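Chemist: Mind looking at a prediction? Sequence and model below.
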Amino acid sequence: MKNIPTELLRTFVTIRDLGGFTSAGELLGRSQPAISLQIKKLESLLDTQIFLRGTSLELTEDGNYLYQAAKNILEINDRVITRLSGEHVSGRVRLGIPHDLELAFLPKALRNLARTHPNIMVEVDGDISKVIYQRFQKHHYDVCLVMEPEKQQEDRDTSDFRIDQLTWVMNNDNLAEFDIIPLVTYPQGCIYRSMLERSLEQAGKPYRIAYTSPSLLGIVSAVEEGLGLTAMAASVAPPHLSKAIETERLPNLGSVSIGLYYRERELSVATRHVLDFLHAGLANLTPPPILGRR
């Protein structure tokens with residue numbers, strides 16, 4: 001009778017949940033080649049193919065069956081280990097994050113955390129990046145994720161940040177030729193607003209602030225109703241709205257850095273676990289297709 005090592009099953013489930021070999025490797029502390037080798041061992045052991053080759057991690061019929069079974073096996077394994085060995089991690093982690101990033105990837109990034117470490121409580125506070133970072137400096141948060149203009153030199157580890165293109169976001173009806181470009185923005189201090197205004201002023205394009213809201217819902221609703229155009233990082237822009245790097249009348253907005261800040265020496269065990277999942281979520285944040293000049 002064959003036995004399936006739980007290590008191979010955990011790697012397989014992590015790849016499927018995070019959507020990539022690289023992201024799974026970062027979370028599990030293994031290189032991408034090592035992760036690939038584990039999947040080959042699992043397929044060899046079971047004498048079947050679990051991923052369709054040449055696709056974006058689409059599972060075969062056997063792969064789908066194994067995924068559901070593996071989750072059940074790992075859940076039982078983890079419950080037994082926790083109950084009998086006394087392995088138990090708990091604690092409160094305070095996280096500051098911009099509203100759009102909170103909605104775009106945080107629930108998915110922390111989904112597996114809740115399953116693996118149910119006694120870790122994450123308190124999430126949302127605001128614009130400038131305010132979030134100021135609060136972090138005053139020790140209001142254990143970890144914060146903020147958006148900043150791309151830096152010429154970045155001294156953080158590459159796992160702590162990613163560079164994303166800023167894109168115009170608009171309703172399809174907003175593509176008319178405006179004499180004065182109407183903008184939908186967050187209040188003063190928001191990086192989106194400052195980069196919007198600077199790009200338009202440098203390009204000599206007249207604009208007006210048509211609508212201001214401190215909430216992502218307010219911004220998206222105003223754009224949906226055709227009140228104006230806004231800007232967002234490509235990876236968090238709502239998929240149902242039109243997106244473009246630039247148009248004939250709108251300049252390129254440049255790039256932003258989306259990154260984590262934390263105090264390495266002050267990290268608790270619970271905070272380190274949360275960071276692991278945030279790193280994986282950040283690496284797996286994929287921008288939707290956007291248009292170039294049109």
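Modeler: Looks like it arrived, so ask away.
Chemist: residue ranges with poor pLDDT in the stretch 1-150 of the chain?
Modeler: 54-56, 82-88 (pLDDT under 70).
Chemist: which residues in it form strands?
Modeler: In the stretch 1-150 of the chain, strands defined by DSSP state E, counting those that start in this stretch lie at 91-98, 120-127, 143-149, listed in chain order.
Chemist: mind saving the C-alpha coords of whatever helix or strand comes next after the shortest one as CSV?
Modeler: Translated: strand 143-149. Counting by DSSP states H and E, the next helix or strand C-terminal to strand 143-149 is strand 161-170. Presented in CSV, the C-alpha positions along strand 161-170 are these (Å, rounded to 0.1, in the frame of the first residue of the first chain):
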residue,chain,number,x,y,z
PHE,A,161,7.3,45.3,-2.4
ARG,A,162,6.2,45.2,-6.0
ILE,A,163,6.1,47.8,-8.8
ASP,A,164,2.8,48.4,-10.5
GLN,A,165,1.7,50.6,-13.4
LEU,A,166,-0.8,53.3,-12.6
THR,A,167,-3.7,53.2,-15.0
TRP,A,168,-6.6,55.5,-16.0
VAL,A,169,-10.0,54.0,-14.9
MET,A,170,-13.2,55.2,-16.5
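Chemist: for the helix or strand encompassing residue 201, which positions count as buried?
Modeler: If you go by DSSP H and E, residue 201 is part of helix 191-202. By neighbour count on 16 or more other C-beta atoms under 10 Å, the buried set for helix 191-202 is 191, 192, 193, 195, 196, 199, 200. For the C-beta atoms, the positions are set from N, CA and C on the backbone; glycine is no exception.
Chemist: Stretch 141-160 too?
Modeler: 141, 142, 143, 144, 145, 146, 147, 148, 160.
Chemist: now the helix or strand following the helix holding residue 201 and helix 191-202, what's the angle there?
Modeler: Following helix 191-202 in sequence order, the next helix or strand is strand 207-212 (DSSP H and E). On the basis of axes from the mean of the first three to the mean of the last three C-alpha atoms, to 10 degrees, strand 207-212 is oriented at 160 degrees to helix 191-202.
Chemist: List the strands paired with strand 207-212, with their directions.
Modeler: Its sheet considered, strand 207-212 pairs with strand 181-185 (parallel) by DSSP bridges.
Chemist: and the angle from the partner strand to strand 161-170?
Modeler: For strand 181-185 against strand 161-170, the angle by the same axes, to 10 degrees is 130 degrees.
Chemist: quick one on the thing from earlier: report the two of the buried residues of helix 191-202 separated the most.
Modeler: 191 and 200 (15.0 Å; C-beta to C-beta).
Chemist: Could I get the full set of helices for the stretch 1-150 of the chain?
Modeler: For the stretch 1-150 of the chain, the helices defined by DSSP state H, counting those that start in this stretch cover 6-18, 21-28, 32-46, 61-85, 99-116, 129-137.
Chemist: nearest to residue 226, of those?
Modeler: Using C-beta to C-beta as the measure, helix 99-116 is the one of the helices of the stretch 1-150 of the chain that comes nearest residue 226, at 20.2 Å.
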